[in-house]
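# Got a sequence here, can you model it:
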Amino acid sequence: MDKKRVAVIIDHSPLNTEKAAEGLRMAVGQTMADNQVTVLLLDAGVWAGISLRPAMVKGGDLKKHIDTIVMLKHEVWAEEESLGQFGLSPEQVMFGVKVAPRRQVEQALADAEAVIRF
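Model (predicted):
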């Protein structure tokens, strides 16, 4: 049986809120079912894929959840165009986060059997 393709969209800044960290934590939970999870960091959500100190930005622990998702053989993508929008380069993303062009992100969304926006 094929795994269900689940896309999790995080499109808001992780600064001064734990919402992005909670979205990543929920994505880890989705891996426990028979799902293939792809987390999509879009718009201001790309900041969740950059090495930040949670205590300094008053947000939750992002790296722990991203590392867990990758370790479990699921994926975290940062949209290339969103990185550019905030003056961020692909070299700044955390280890394990893949940089994907908008077209690839759109295709992942089209192929997903479930899309969760957090």
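
# neighbours of residue 16, just the number please.
9 (other CB atoms under 10 Å). For every residue, glycine as well, the C-beta is placed using N, CA and C.

# mind checking the SS state of it?
coil (DSSP: H, G, I helix; E, B strand; the rest coil).

# I figured residue 39 hits residue 10, correct?
Yes. Counting by CB atoms under 8 Å, residue 39 touches residue 10, with 6.5 Å between them.

# quick one: common contacting residues for these two?
Counting by CB atoms under 8 Å, 6 or more residues apart in numbering, the common neighbours of residue 39 and residue 10 are 23, 24.

# So, low pLDDT: which residues of this protein?
1, 53-59 (pLDDT under 70).

# now the strands for it?
4-10, 35-41, 75-79, 97-100, 114-117 (DSSP state E).

# Break down this structure into its helices, ranges please.
19-30, 54-57, 63-71, 80-85, 102-111 (DSSP state H).

# what helices or strands is the first one leaning on?
If contacts are counted by 3 or more CB pairs under 8 Å, 6 or more residues apart in numbering; DSSP states H and E, helix 19-30 sits against strand 4-10, strand 35-41, helix 63-71.

# From the rest of the structure, what touches it?
By CB under 8 Å, 6+ apart, helix 19-30 touches 6, 8, 10, 12-14, 37, 39, 45, 47-48, 54, 59-62, 65-66, 68-69, 72, 74, 116, 118.

# which among the residues you listed end up buried?
Using 16 or more other CB atoms under 10 Å as the burial test, those include 6, 8, 10, 12-14, 37, 39, 45, 47-48, 59-62, 65-66, 68-69, 74, 116, 118 as buried.

# Which one, of the helices of the chain, ends up nearest to residue 92?
helix 80-85 (7.7 Å; CB to CB).

# So what touches that closest one?
Counting by CB under 8 Å, 6+ apart, 41-46, 89-90, 92-93, 99-102 sit against helix 80-85.

# Pull the contacting residues for residue 7.
With CB under 8 Å, 6+ apart, residue 7 has these contacts: 37, 38, 39, 40, 108, 109, 112, 114, 115, 116.
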